[in-house]
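> take this sequence and fold it.
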Amino acid sequence: MLLASHTGHPLEAGLDEAGRGCLAGPVFAAAVILPPDFNPAFLNDSKQLSARRRMALRHDICREAVAWAVAEASPDEIAAINIAQASYLAMHRAVAALGIQPTHLAVDGNRFRAYEGIDHTCLVKGDARYKHIAAASILAKTFRDERMLELAVQHPEYGWEQNAGYPTLHHRAAIRAHGTTSHHRMGFRLL
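Residues are numbered from 1 along each chain as shown. So this is what the prediction gives:
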C-alpha cells in the first residue's frame, strides 16, 4: 500500500517527470497535492499501469487533487541546459503553477535542484512508495503521451504514437531514413 506523504504535512507535493530518456519531444513534469483520504484502486507508478488504467486514474487525480499542475521543458531547452537540468526546470514550472504553496516537495529520484523557499526530499522509487508521487508520474506520463500523439500526426514516419519518442529500433531507423525534426533532442546520440 502506498503512503500518503513523506513528512505528514497536508500540503506536501509529489513531483515526477516523464520522457527523460527519449530522443524526441519535451520532458514533462507534474506536481500533485492530494487530500489525505485519496485512495483510488490501482494507484501506482505509471510504468506499472496500462494506458487505459493511467487515463482512468488521471481523471480521478485531476478531479480530486487539492492542487495539480503539469509543465514541460522543450528540446531546445534540453539542448541548452542538459536533460537533468531541463527535468528540474519542468518540475519547478509545475510547482510554480500549482496555485498553492506546498509545505514540502517529495521528489521521485535521487537528485533535484532546490526550489527556493520549499524544502524537498529525494525519494528513490518514490513513485512506487507514495501516492502523490505516483499521481505525479501518471499525470506527467499521460500528458506527455498526448503531446507525442499530436506530434506523431505531423511526423508519422517516426512511430511516436507507439514509441513516444523513446530510442526504439523503428525510431532510430526512421531517423536514418528521414533525418531529424525540430522535436529531436540534438544533444542526444540519436543513432
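
> show me what the top helix by length along the chain packs onto, helices and strands only.
Using DSSP state H to define each element, the chain has its longest helix at helix 131-154. In terms of contacts (3 or more Cβ pairs under 8 Å, 6 or more residues apart in numbering; DSSP states H and E), helix 131-154 is packed against strand 12-18, strand 27-33, helix 51-64, strand 67-73, strand 104-108, helix 160-163. Heads up, the C-betas are built off the backbone N, CA and C, glycines and all.

> and of these, who's closest to residue 43?
helix 51-64 (6.1 Å; Cβ to Cβ).

> which elements pack onto the closest one?
Going by 3+ Cβ pairs under 8 Å, 6+ apart, helix 51-64 lies up against helix 131-154.

> quick one, the helix it packs on and strand 12-18 angle?
Relative orientation of helix 131-154 and strand 12-18, computed by axes from the mean of the first three to the mean of the last three Cα atoms, to 10 degrees: 30 degrees.

> helix 131-154 to strand 27-33, inter-axis angle?
Relative orientation of helix 131-154 and strand 27-33, computed by the same axes, to 10 degrees: 150 degrees.

> close enough to count as contact, residue 14 and residue 136?
Yes. Using Cβ atoms under 8 Å, residue 14 is in contact with residue 136, at 4.5 Å.

> quickly list what's touching both of these two.
31-32, 108 (Cβ atoms under 8 Å, 6 or more residues apart in numbering).

> nearest to residue 132 among those?
Nearest to residue 132 among the shared contacts of residue 14 and residue 136, with distances taken as Cβ to Cβ, is residue 32, at 5.0 Å.
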